[in-house]
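A.B. asks: Here's my sequence, what's the structure:
(3 chains)
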Amino acid sequence: MPELPEVENIVIALKTLAGKRVASVQVFNEEVLKVPSRVFCQNLLRKKLLALERRGKYILFRFEEGWVLVMHLGMTGQAILEDAGAMYRADKHTHARIDFEGQALYYRDIRKFGFLDLRRFDEKSLEEYFSRIGCDPFRVEKETFIDLFKKSHARIKPLLLSQKLVAGLGNIYVDETLFKAGISPRVRAFRISRNRLSCFFDAMQGVLLEAIEKGGSSIDDYVRPDGSCGSFQECHQVYGRAGQPCPRCGTSIKKIKMGGRGTSFCPRCQR
DNA sequence: ATGATTTCCTGTAGGC
DNA sequence: TGCCTACAGGAAATCA
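C.D. replies: Okay, the predicted model is just below:
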């Protein structure tokens, strides 16, 4: 599932498109669009891509005249990049193709939890669009971050998954970060000491940075735009390791449900 | 305010 | 082989 490290890898790979103009747009499945297909195609066509940006797990393609293509990959979304000449085999899960000068971008999503949106923003309306998601793990001061969590009475796991305070962590990186910081997924945020929240902040940045460097976690459907796999799944300490020994203390990794989400943790190391 | 539940969706795995 | 069910979960909506 694409979370911050996977999305960051995708954005880095897609930066090769910056400066290019949209040559053609094809929509194979309108269901994944937030706007009518005609609006999507017409407004994208011939626009120059100025820059790429990540906000939480969202990818922003900034075009000229304020047009922004917002891409979310949901659970199984993929952004695939190919040279225009290559023969990509668009299957039934490939929902759109955007041709740039010399390169083709495909949007594929098996479960269709992701989407593509195209809107014309000014800076104010852009901020409003993303007002529900919290700060970026790498664009916030540690003290600010700690203050945010000290104000919430919610349990740390569902709080992190909600994206409300900090955006970009999904099920994998929440579990991995909580393990690294030695925090129980059940604890309420405000009960965590400032000292431990400081550890949590460092653990979060550490896990995410290492995962970015390793190309993300390739489990299920995630691949980079060039089709290659990440390798951070080999570094997972708790996620997907229920019943196996904790790498730190050997206790069996426990898996519970929290808010309908599988939650793996070490009952001894995380309190 | 918080959280549990349901919804969207499809592939995979397990039981029989 | 094939049918059925359970499960995986990002995020929004609904309910308690």
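
A.B. asks: Was I right to think A:Ala167 contacts A:Arg55?
C.D. replies: Yes - taking contacts as C-beta atoms under 8 Å, A:Ala167 lies within contact range of A:Arg55: 7.1 Å. To be clear about C-beta, it is placed using only N, CA and C from the backbone, and glycine gets the same treatment.

A.B. asks: and for those two, which residues touch both?
C.D. replies: Here A:Ala167 and A:Arg55 have A:Ile133, A:Asp136 as joint contacts, going by C-beta atoms under 8 Å, 6 or more residues apart in numbering.

A.B. asks: Neighbour count for the two, which is higher?
C.D. replies: The neighbour comparison of A:Ala167 against A:Arg55 (other C-beta atoms under 10 Å) goes to A:Ala167, with 21 against 17.

A.B. asks: which residue sits closest to A:Lys47, ignoring its sequence neighbours?
C.D. replies: With C-beta to C-beta, 6 or more residues apart in numbering as the measure, A:Phe63 is the residue that lies nearest to A:Lys47, at 4.1 Å, once sequence neighbours are left out.

A.B. asks: Show me what that neighbour is bridged to.
C.D. replies: According to DSSP bridges, the partner residues bridging A:Phe63 are A:Leu49.

A.B. asks: Number of residues surrounding it?
C.D. replies: That count, for A:Phe63 with other C-beta under 10 Å as the rule, works out to 21.

A.B. asks: show me the residues around it that make contact.
C.D. replies: Under the contact definition (C-beta under 8 Å, 6+ apart), the residues listed for A:Phe63 are A:Val22, A:Leu44, A:Lys47, A:Lys48, A:Leu49, A:Leu50, A:Leu69.

A.B. asks: hmm, 10 Å instead?
C.D. replies: A:21-22, A:43-44, A:46-51, A:69, A:118, A:120 (C-beta atoms under 10 Å, 6 or more residues apart in numbering).

A.B. asks: do the same with A:Gly243
C.D. replies: Applying C-beta under 10 Å, 6+ apart as the definition, the contact partners of A:Gly243 turn out to be A:Ser252, A:Ile253, A:Lys254, A:Lys255, A:Ser264.

A.B. asks: quick check, nearest of those residues to DNA strand B?
C.D. replies: Relative to DNA strand B, the closest of the contacts of A:Gly243 is A:Lys255; by C-beta to the nearest atom of the strand it sits at 15.0 Å.

A.B. asks: chain center to stretch A:21-28, what's the gap?
C.D. replies: In terms of C-alpha atoms, centre = their mean, to the nearest Å, the centre of stretch A:21-28 is found 24 Å from the chain centre.

A.B. asks: can it be found next to DNA strand B?
C.D. replies: No - with C-beta under 7 Å from any atom of the strand as the criterion, DNA strand B is not reached by stretch A:21-28; the gap is at least 12.7 Å.

A.B. asks: Using PDB, list the CA coordinates for that stretch.
C.D. replies: What follows is the C-alpha trace of stretch A:21-28 in PDB, where atoms were taken according to Å, rounded to 0.1, in the frame of the first residue of the first chain:
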ATOM      1  CA  ARG A  21       3.600  19.400 -22.000                       C
ATOM      2  CA  VAL A  22       0.600  17.100 -22.100                       C
ATOM      3  CA  ALA A  23       0.400  15.700 -25.600                       C
ATOM      4  CA  SER A  24      -2.700  13.500 -25.200                       C
ATOM      5  CA  VAL A  25      -5.000  12.200 -22.500                       C
ATOM      6  CA  GLN A  26      -7.000   8.900 -22.500                       C
ATOM      7  CA  VAL A  27      -9.400   7.800 -19.800                       C
ATOM      8  CA  PHE A  28     -10.300   4.200 -19.800                       C
END
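
A.B. asks: Only the buried residues of it, if you could.
C.D. replies: A:Val22, A:Val25, A:Val27, A:Phe28 (16 or more other C-beta atoms under 10 Å).
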